[in-house]
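**Student:** Below are the sequence and a predicted model for it; my questions follow.
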Amino acid sequence: MQNELEDRRSTENDEVRFYMTRDIISVVRNASVTEASQTMFDYNTGSLLIEQDGEYVGIVTEGDISKRVIAQIKHPIDVQVEAIMSKPIISIEANQLMITAFLIMEKHGLRHIAVKENNKIIGMLSIRDFSKYYIRKFSKRKK
């Protein structure tokens, strides 16, 4: 029992890098919300980074589309993602602990956060990724 508690308290392998999604899915800033929604559907993701001149300048999520387009009865084909994206992009370093990511996300009311290494975005962490983390961390039962 004591060893199990110590395992759970350990921060070994608790870094964001182990749980983030490495695939970065993006669209250009002048893409329509319809294009962004289709891209999210195609890649089974809830967020996209918005790109301008090779740089990521914002993020758009399913929630942004719902609140800023659908709920306001706008036509998604007529709205560009730059009009509804969130900026600046909130990020966390890949070597930070998952609890730190969770606290940042909670503070900012986020479900998605960019992951950086050497000042470059290398992945995304979503609230879904916390499931993987908790399953790995708390299902280590010794027999």
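**Tutor:** Received it, and whenever you're ready, just let me know what you need.
**Student:** Now do the spatially most central residue of the chain against Thr45, distance only.
**Tutor:** Central residue of the chain (Cα atoms, centre = their mean): His112, 2.7 Å from the mean position. Between His112 and Thr45 the computed distance is 9 Å (Cβ to Cβ, to the nearest Å). Heads up, the C-betas are built off the backbone N, CA and C, glycines and all.
**Student:** ok, back up a step: contacts only, for the residue nearest to the centre of the chain.
**Tutor:** The contact partners of His112, by Cβ atoms under 8 Å, 6 or more residues apart in numbering, come to Gly46, Ser47, Ile59, Thr61, Met124, Leu125, Ser126, Ile127.
**Student:** how does it look with 10 Å?
**Tutor:** By Cβ atoms under 10 Å, 6 or more residues apart in numbering, the contact set of His112 is 21, 45-49, 59-63, 86, 89-90, 105, 124-129.
**Student:** and what of Met20?
**Tutor:** Met20 is in contact with 92, 94, 98, 101, 113-115, 122-126, 129, 132, counting by Cβ under 10 Å, 6+ apart.
**Student:** Just give the number of residues close to the closest residue to it other than its chain neighbours.
**Tutor:** Distances taken as Cβ to Cβ, 6 or more residues apart in numbering place Gly123 nearest to Met20, at 3.9 Å, with adjacent residues excluded. By other Cβ atoms under 10 Å, 19 other residues sit near Gly123.
**Student:** So which other helices or strands are in contact with the strand or helix carrying Gly123?
**Tutor:** In the assignment (DSSP states H and E), Gly123 maps to strand 120-126. Secondary-structure packing of strand 120-126 (3 or more Cβ pairs under 10 Å, 6 or more residues apart in numbering; DSSP states H and E): strand 47-52, strand 55-61, strand 91-93, helix 98-108, strand 112-117.
**Student:** Report the mean per-residue pLDDT for the fourth one.
**Tutor:** Pointing back at helix 98-108 there. Average pLDDT, helix 98-108: 97.
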